[in-house]
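Q: here you go, sequence then predicted model.
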Amino acid sequence: MYRGLFRKPKNTLEIRDGEMELSRPHIADDAYMKCPDCGRTLYVQDVQDNLDLCPDCGHHFKMKVRRRVEMIADEGTFTELTLKSKNRARAENPIDFPEYEEKLAAAARKSGENEGVLCGTAKIGGLDTCLFVMDMDFMMGSMGTVVGERLTGLFEYAVNRRLPVVGYTVSGGARMQEGILSLMQMAKVSGAVKRHSDAGLLYVVVLTDPTTGGVTASFAMEGDVILAEPGALIGFAGPRVIEQTILQKLPPGFQRAELLLKKGFVDDIVPRKEQKHYLTNLLGLHSDRITI
Amino acid sequence: MEAEKFRAYQRVEAARAKGRPTGRDYIENLISDFTEFHGDRRFGDDKAIVAGIGRLKNMPVTVIAMDKGRTTKEKVGNNFGSPHPEGYRKALRQMKLAEKFHRPVLCIVDTSGAYPGIGAEERGQGQAIAENLMEMMTLKTPIISLFIGEGGSGGALALAVADRIYMMENAVYSVISPEGCASILWKDAKRMKEAAECLKLTAQDLKELGVADRVISEPEEFKAGSRQAKRVYYTLEDLLYEEFQWAKQRPVEQLLEERYQRFRKF
Ligand SMILES: [Zn+2]
């Protein structure tokens, strides 16, 4: 059943037999699901066939990392990046946090991945780029030492090869189970982003639902161009923490992509179906190469 | 017995204790001719962060200090030391001036965290912290961050991308508060003492992890204005001065490379 995981990502959007496990939006476990926006009952299959969008209202459901890569990268061009030095393929338990190993094992089962971010190189619209996609199914996309190391490695690789970086964020924030070492990843990745930026290279980040905590307070907000998916929750503090602090309910639409656009914190909101075209254009505008 | 078992949380309580010197106490005792500057030039002036210039011994320095406040009025006015984005932007503005005029930067960290409120979010709390992390990494002047009490997560890190991290003996630094950790982990904030042990948040833990470079001993009774506190300030003054003198002699490329590697190693 894991065979599908290792196949070359394709740019096709239809679902083939045997891919159900891999491709299903994780909020649904059977044939039907409810859209949180329009309230319609939907066939899971219909949603999957539609880039994990509600066929009626266009609500953006969460998307599996490999499917995201399929959608964005040109067919067969994605190569996962493995780091030579210090690449801990899996997280260890660096501060001996209780029940962490069990959580990691459960996350691996749930996501089919070995950590919370997938990094690699790909072509988008024929242009070479580095690409990272975070994984909500792996401990809420939280950032620990492995996630930080992969991202830092990716930005350093991009500097050496003079490549842009395109990244998709989804995260609950820094990973509590690795304590202060998770917090240090915010500084570490930010340092690598800064070096990439100082080298005159482009970093485009797409914020997806939800992007919060230490990820928002670091590389999610460090893009030259910051985009968001419609309706994505984007914030530093979680809504519940804020409500507990101010002792009142938050207004509707608070911390949503549309409000961030209005307040000037994202460059634009780009629906999923337009992202590949948008990114192709953006990379082209930052490239010396002539593209058609 | 209980005390033995939950030593980490005792530190947390000490870090939060009433009467403990605040950011402003450190400024008043370490820095002469201190001149405070206000505002981020974008939105407002955040009193949770005090920023300005003065002298450490004879050396002009920029000081950026989180200040929880001493009196009730100060505490409320300073939002109990929880900064808004404009606080972090004020800090960055002063750091840029420090770079321009070749002044070393002393950051004094003491916060339970960046403020989680509506205005803070709408004005880009995450963006403000992120920008500090990036800009501090390449700020072309030495930076020392001194943790004097609570080091609450990203809100503390935003003033702690530094060449050296000093921690007072009872200061703590953590990715999440023990209470927050316990409520996520066990759905029970009252188990914060256990959580504090798990998080490895004491100055000694952080020194062992390589996050802190130096732990500064505290007297038994560490109250602002006390004679024991004065002794701590004298020690600190010497240490900070020597460290800045040393750092100022490093070629700037080397300083920045070492700062990068200091965080790259984690
Ligand atoms: Zn819908």
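A: Everything's here; your move.
Q: mind listing the helices for the stretch 101-250 of chain B?
A: Per DSSP state H, counting those that start in this stretch, the stretch 101-250 of chain B carries helices over the ranges B:118-122, B:125-137, B:153-157, B:178-185, B:192-199, B:203-209, B:227-248.
Q: ok, residue 163 - how many residues close by?
A: In the absence of a named chain, chain A is used. 20 (other CB atoms under 10 Å in any protein chain shown). In this view, the C-beta of every residue, glycine as well, is placed from N, C-alpha and C.
Q: the intended chain is chain B.
A: Neighbour number of residue B:163 under other CB under 10 Å is 24.
Q: follow-up on the earlier one: please identify the most buried of the helices of the stretch 101-250 of chain B.
A: Greatest average neighbour count among those goes to helix B:153-157 (a mean of 29), per mean count of other CB atoms under 10 Å in any protein chain shown.
Q: hmm, that one touching chain A?
A: Yes - contact between helix B:153-157 and chain A, assessed by CB under 8 Å from any CB of the partner chain, occurs at B:153-154, B:157.
Q: hmm, back to that, closest to residue A:270 out of the helices of the stretch 101-250 of chain B?
A: Relative to residue A:270, the nearest member of the helices of the stretch 101-250 of chain B by CB to CB is helix B:125-137, separated by 18.9 Å.
Q: would CSV of the helices of the stretch 101-250 of chain B with mean pLDDT be doable?
A: Shown next, in CSV, are the helices of the stretch 101-250 of chain B (pLDDT from 0 to 100):
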stretch, mean pLDDT
helix B:118-122, 97
helix B:125-137, 98
helix B:153-157, 98
helix B:178-185, 93
helix B:192-199, 96
helix B:203-209, 97
helix B:227-248, 96
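Q: dump those into TSV; add distance to the ion as well.
A: TSV is the format used below for those (distance: least, CB to the ion, whole Å):
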stretch	distance to the ion
helix B:118-122	26
helix B:125-137	28
helix B:153-157	34
helix B:178-185	31
helix B:192-199	40
helix B:203-209	47
helix B:227-248	57
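Q: which one of those lies closest to residue A:157?
A: Evaluated with CB to CB, the helices of the stretch 101-250 of chain B place helix B:125-137 nearest to residue A:157, the distance being 18.4 Å.
Q: packing partners for that closest one?
A: Packing contacts for helix B:125-137, counted by 3 or more CB pairs under 8 Å, 6 or more residues apart in numbering or on different chains; DSSP states H and E, involve helix A:179-198, helix A:213-216, helix B:85-100, helix B:153-157, helix B:252-264.
Q: tell me which of those sits most buried.
A: Mean neighbour count (mean count of other CB under 10 Å) peaks for helix A:213-216 among those, with a mean of 31.
Q: ok, that one near chain B or not?
A: Yes - Helix A:213-216 lies within reach of chain B by CB under 8 Å from any CB, at A:213-214, A:216.
Q: now, which of those sits nearest chain B?
A: residue A:216 (3.5 Å; CB to the nearest CB).
Q: list the contacts for that closest one?
A: By CB atoms under 8 Å, 6 or more residues apart in numbering or on different chains, the residues touching residue A:216 are A:171, A:173, A:234-236, B:126-127, B:130.
Q: quick check: it vs the ion, distance?
A: Applying CB to the ion, to the nearest Å, the value for residue A:216 to the ion is 26 Å.
Q: related to what we said a few turns ago, which of the residues of helix B:153-157 next to chain A lies closest to chain A?
A: Nearest to chain A among those is residue B:154, at 4.2 Å by CB to the nearest CB.
Q: surely the closest one and residue A:236 touch.
A: Yes - counting by CB atoms under 8 Å, residue B:154 touches residue A:236, with 7.2 Å between them.
Q: how about the helices of the stretch 101-250 of chain B, which one is nearest residue A:137?
A: The closest of these to residue A:137 is helix B:178-185. By CB to CB, the value is 18.2 Å.
Q: angle of that closest one against helix B:192-199?
A: Angle, helix B:178-185 to helix B:192-199, by axes from the mean of the first three to the mean of the last three CA atoms, to 10 degrees: 90 degrees.
Q: which strands or helices does helix B:178-185 pack on?
A: The contact analysis (3+ CB pairs under 8 Å, 6+ apart) places helix B:178-185 against helix B:7-16, helix B:192-199.
Q: rebuild the ones you listed as JSON lines, extending it with distance to residue B:139.
A: Output for these, formatted as JSON lines (distance: least, CB to CB, whole Å):
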{"stretch": "helix B:7-16", "distance to residue B:139": "27"}
{"stretch": "helix B:192-199", "distance to residue B:139": "29"}
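Q: make a markdown table from those and add distance to chain A to it.
A: Output for these, formatted as a markdown table (distance: least, CB to the nearest CB, whole Å):
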| stretch | distance to chain A |
| --- | --- |
| helix B:7-16 | 11 |
| helix B:192-199 | 5 |
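Q: for residue A:220, which of these is the nearest?
A: Closest of the helices and strands packed on helix B:178-185 to residue A:220 is helix B:192-199, at 23.8 Å (criterion: CB to CB).
Q: who's in contact with the closest one?
A: Residues outside helix B:192-199 that contact it (CB under 8 Å, 6+ apart) are A:95, A:97-98, A:176, A:179-180, B:5-9, B:11-12, B:174-179, B:181-182, B:185-186.
Q: quick check: residue B:200 touching residue A:180?
A: Yes - between residue B:200 and residue A:180 there is a contact at 6.5 Å, judged by CB under 8 Å.
Q: show me the common contact partners of those two, please.
A: A:95, B:206, B:209.
Q: count the neighbours of the first one for me.
A: Just to be clear, that refers to residue A:95. The burial count for residue A:95: 18, using other CB under 10 Å.
Q: let's verify it: helix, strand, or coil?
A: Recorded secondary structure, residue A:95: coil (DSSP: H, G, I helix; E, B strand; the rest coil).
Q: out of the helices of the stretch 101-250 of chain B, nearest to residue A:120?
A: Proximity to residue A:120 (CB to CB) singles out helix B:125-137 among those, at 23.8 Å.
Q: lovely, talk soon.
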